[in-house]
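Asks: Curious how this folds, go ahead:
(2 chains)
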Number of protein chains: 2
Amino acid sequence: MKEVVEEQQDFVKDITKMSDDFDRWYTDVIRKAELADWSGIRGMMVVRPYGWAMWEAITRAFDDMIKESGHENWAFPLLIPREYLMKEAEHVEGFAPEVAWVTRAGAGNEELEEPLAVRPTSETIVGSLIKRYIQSHRDLPKLTNQWNSVVRWEMRSRLFLRSREFWWQEGHTFHANAKEAMDEVDLILGYYRDIAQDWLAVPVLGGKKSPAETFPGAVYTLTLEGLMRDGMALQMGTSHYFGQNFARAYDISFSNKDNERELCYSTSWGISTRLVGALVMAHGDDSGLLVPPKVAPIQVVIVPIFRDAESRAKVEAFIGGWAGELKAAGIRSRVDWRDERPGDKYAHWEMKGVPLRLNVGARDADAGQVELVDRLTRQRRSVPVTGIANKLVDELAAFQNALFARAQDFLSANTFEMSTLAEVVAHFKERSGFVWVPWCGDAECEIRIKAEAGGVTIRSIDPDERASGKCLVCGKPAKHRVALARAY
Amino acid sequence: MKEVVEEQQDFVKDITKMSDDFDRWYTDVIRKAELADWSGIRGMMVVRPYGWAMWEAITRAFDDMIKESGHENWAFPLLIPREYLMKEAEHVEGFAPEVAWVTRAGAGNEELEEPLAVRPTSETIVGSLIKRYIQSHRDLPKLTNQWNSVVRWEMRSRLFLRSREFWWQEGHTFHANAKEAMDEVDLILGYYRDIAQDWLAVPVLGGKKSPAETFPGAVYTLTLEGLMRDGMALQMGTSHYFGQNFARAYDISFSNKDNERELCYSTSWGISTRLVGALVMAHGDDSGLLVPPKVAPIQVVIVPIFRDAESRAKVEAFIGGWAGELKAAGIRSRVDWRDERPGDKYAHWEMKGVPLRLNVGARDADAGQVELVDRLTRQRRSVPVTGIANKLVDELAAFQNALFARAQDFLSANTFEMSTLAEVVAHFKERSGFVWVPWCGDAECEIRIKAEAGGVTIRSIDPDERASGKCLVCGKPAKHRVALARAY
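Replies: Numbering: from 1, shown residues only, chains lettered A, B, ... in the order given. Here you go, the predicted model:
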């Protein structure tokens, strides 16, 4: 009874309301929920344990997927000679403006003969090194991956979404023919979709990028795009097909079955700590985070409620009787014994987005039950502790599904179909979300959309459906059906 | 000269014999067994999947240990402002000569106002940032860890042991009192001992470093020292107690129970990819590696032997009947179907140090058995495939123990007790290994040992036994019993 009153209070008065200012809400919640902070070094963040544990859950899941299909982790050097970086023209153009250079080193702080780039991405160093390990078609495919951090000298920064250092995996693969390489790019996009949807509970659109949004040096880029609660799109993972572009620039060749020298076909693909930002923006509310159980550092928090030493002892003994079952069942749980009032603890764990909370008082102990509250509905239910672990496993799975369903509903409610630029312009003046339109494929029309609809871009090309009708800009026959949105 | 030789990229055909040239044997076997190579960027290596998988096994094991005792992983920035680096005087002196500096970045390649160091280690950045998260004694202890790579501008390089970039974990912890911090340093050294002995099968000596060998800025350093097969010592992990040194330099304080401001006590500790070098040098032989099963990327290799399509089909069906049981039992195995002769395959997997090999021919298939060969004794035994998974689990455990026992025997046979400098000098002219001696504790005597015994250093101070007798150099009463050795 008392707890109900406490829970009606505004627990989260120190964060900005999402509806008042989404950007500030985002930063506030990330800091208050102890995910990350700016480091004091311009544009570089420090990721705190609660945020890092979410990234670790993603890394374990994805690492298992790629290993199952024969990918192998390597460690390639952090520093890349300028000469390596400069070989693929488009790639250089894309990345050179963002590079940080090591120019001095060692005793005497001497100037290096050749500056070394802190890797902004590793195509150029992997390309330069991998050719040693590829002689014959029998050495292919070469399926490499690396977990690391990269540095890009961004001028605008935003926690998890854009920072001068971020953490990611970068896969680089080399194949004997185009089909295999294109299949690889698809395979990985499928894994990324699993991470986004099954792990982070964020539904995504997937397809090719338009040429303007394609990775520098790629033939084409596949992307996944999620919708955040402010109606803006977030690119959640990309998978690039290079054809022979990089192989030509770095001379990566193999002798085929006829003993002729041939250039490899290559790919690269990455997901990053940006995904932590995605789950914040896709699920959060005015009380803070909602963390999908599969990546939640704490899935169940137990809040003991007691008045005095005697009731505390009773509650502690009671919890001690079954808390071990949770661990045995693989549930990540914590008992919050801090010296705080229950209401403050509720607010704390709601802010951190812990999926399930168990309130446990002396009367619950007597009755052999706990009060179960989930972060999504906040309904309270009494649950007997007999079989509690199995019950919680089921509840966590249900929570994961409910979070995804909620995000799907949000996506559906914010996805539109239009046919003219005027409609699009009018729409984005008032609203946001994804707008599907027919497009002729010309870069000029793409530029006009962006200019007239206030920064709206083509996020993805529908892979399943051929376009019908006319280009929303020029009226020529449409080649593609594309999703427009404002994006991070 | 050596560096030039090591960085040659010619393909290793046969490896040098260990007894002919240990250094070249080491480099040959690392390259031939596909653990790592020089990258072509001076002093920086590329770690290949077979080597990286060993490091991954170590990281998983250690990460589990520290999480169990409440440590948390963070991500601190890669780049450290010069100002942060310069605050702890001894620490600066130790690391400044090895720092690589980012001085230019971004579009226009502009000079930065303040250079940023690529972290050589993170005490200075962790110290600068952690104080935000420490207000009261209730925030302590703060037990942080980070998995990353660091850059040190070494002038001599050696694969895994000394390179300009290496991969490691660095723990940094902050405590309310000296005892807790010193207990932490001990706890971690215990974990490191488990990694060295139980996982890598390398027996170690453990104790304090002499002041001359103490980490820059530390009050004392604990070390583990293993003995390689050439009789040289290798430092396998260190754990540093800083007292309040870093807290003073970085103003890391907390309000104690009496609400007074007090400086924290801190520690740091690390193990690195150097441990992969350790297992190579502690167990290898003229045929290549011997990898301890607990960290072996491949624990069991299955070599099918057949003459024609018919016998191949028979062998394949036979293996298919039970290979799945190995995976289910958690055994990392691989079937080698490459187009090579069985003898070449045997040599290949011996080079790679796979603990157990199963030779499987058509006659074995008929008899429902395999030929089991272990990499240590190379004895061949026929083993029925009924219950093969359990049998192999036992064999792998036995192999792990046998490897450790062999290394222990080697350590015992190469550990000596002496009492005069003359004996020590004579010993190290002919031999190597560990030599225990009594030492007065004076730096001058330490310097003389090194000068007269050709680079021999104090590796570790015996923590268990008080010294008896007189200092081997000056004859004054000994304060410590110390282990001398030549070291990497």
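
Asks: Now the element after the strand or helix carrying residue A:401, going C-ward?
Replies: Using DSSP states H and E, residue A:401 sits in helix A:388-413. Next in sequence after helix A:388-413, counting helices and strands by DSSP H and E, comes strand A:415-417.

Asks: Which elements pack onto that next one?
Replies: Counting contacts by 3 or more C-beta pairs under 8 Å, 6 or more residues apart in numbering or on different chains; DSSP states H and E, strand A:415-417 is packed against strand A:434-439. From N, CA and C alone the C-beta is placed, and that goes for glycine too.

Asks: Over the strand it packs on, what's the mean pLDDT, rounded is fine.
Replies: Per-region confidence: strand A:434-439 scores 97 on mean pLDDT.

Asks: Could you identify the helix or strand that succeeds it?
Replies: Next along from strand A:434-439, by DSSP H and E: helix A:443-452.

Asks: can you state the direction angle for the next helix-or-strand element following that following helix and helix A:443-452?
Replies: For helix A:443-452, the succeeding helix or strand toward the C-terminus, using DSSP H and E, is strand A:457-461. Angle of strand A:457-461 versus helix A:443-452, following axes from the mean of the first three to the mean of the last three C-alpha atoms, to 10 degrees, is 130 degrees.

Asks: on that earlier part again, how distant is the helix holding residue A:401 from the center of its chain?
Replies: 19 Å (C-alpha atoms, centre = their mean, to the nearest Å).

Asks: and that helix, what does it pack onto?
Replies: strand A:220-227, helix A:274-283, helix A:323-328, strand A:356-360, strand A:369-374.

Asks: and these as JSON lines, adding mean pLDDT and mean neighbour count?
Replies: Below are those laid out as JSON lines (pLDDT from 0 to 100; neighbours: other C-beta atoms under 10 Å in any protein chain shown):
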{"stretch": "strand A:220-227", "mean pLDDT": "98", "mean neighbour count": "25"}
{"stretch": "helix A:274-283", "mean pLDDT": "98", "mean neighbour count": "26"}
{"stretch": "helix A:323-328", "mean pLDDT": "96", "mean neighbour count": "15"}
{"stretch": "strand A:356-360", "mean pLDDT": "98", "mean neighbour count": "23"}
{"stretch": "strand A:369-374", "mean pLDDT": "98", "mean neighbour count": "20"}
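
Asks: Of the ones you listed, give the one that comes closest to residue A:110.
Replies: Closest to residue A:110 of the helices and strands packed on helix A:388-413, according to C-beta to C-beta: helix A:274-283, at 37.1 Å.

Asks: circling back: could you give the angle of the helix holding residue A:401 to strand A:356-360?
Replies: 140 degrees.

Asks: and helix A:388-413 with strand A:369-374, angle?
Replies: Using the same axes, to 10 degrees: helix A:388-413 against strand A:369-374 is 20 degrees.

Asks: what lines up beside the helix or strand containing residue A:267 in the sheet?
Replies: Per DSSP H and E, residue A:267 falls inside strand A:265-272. In the sheet, strand A:265-272 lines up against strand A:165-175 (antiparallel), strand A:233-243 (antiparallel) (DSSP bridges).

Asks: Following element in sequence after the last one, please.
Replies: As assigned by DSSP H and E, the chain's next helix or strand after strand A:233-243 is helix A:245-250.

Asks: Can you name every helix or strand that the helix or strand that that following helix is followed by contacts?
Replies: Under the assignment DSSP H and E, the closest C-terminal helix or strand after helix A:245-250 is strand A:253-255. Strand A:253-255 sits against strand A:261-263, with contacts defined as 3+ C-beta pairs under 8 Å, 6+ apart.

Asks: Just name the shakiest helix or strand of chain A by mean pLDDT.
Replies: Among the helical and strand segments of chain A, the one scoring lowest on mean pLDDT, DSSP states H and E is helix A:2-8, with a mean of 32.

Asks: Does residue A:360 touch residue A:303 like I think?
Replies: Yes. The pair residue A:360 / residue A:303 is scored as a contact, 6.9 Å apart, by C-beta atoms under 8 Å.

Asks: which residues in the stretch 101-250 of chain A form helices?
Replies: A:123-130, A:178-193, A:245-250 (DSSP state H, counting those that start in this stretch).

Asks: Show the model's pLDDT score for residue A:95.
Replies: For residue A:95, pLDDT reads 85.

Asks: give me every residue that touches it.
Replies: Residues near residue A:95 by C-beta atoms under 8 Å, 6 or more residues apart in numbering or on different chains: A:85, A:120-121, A:152, A:216.
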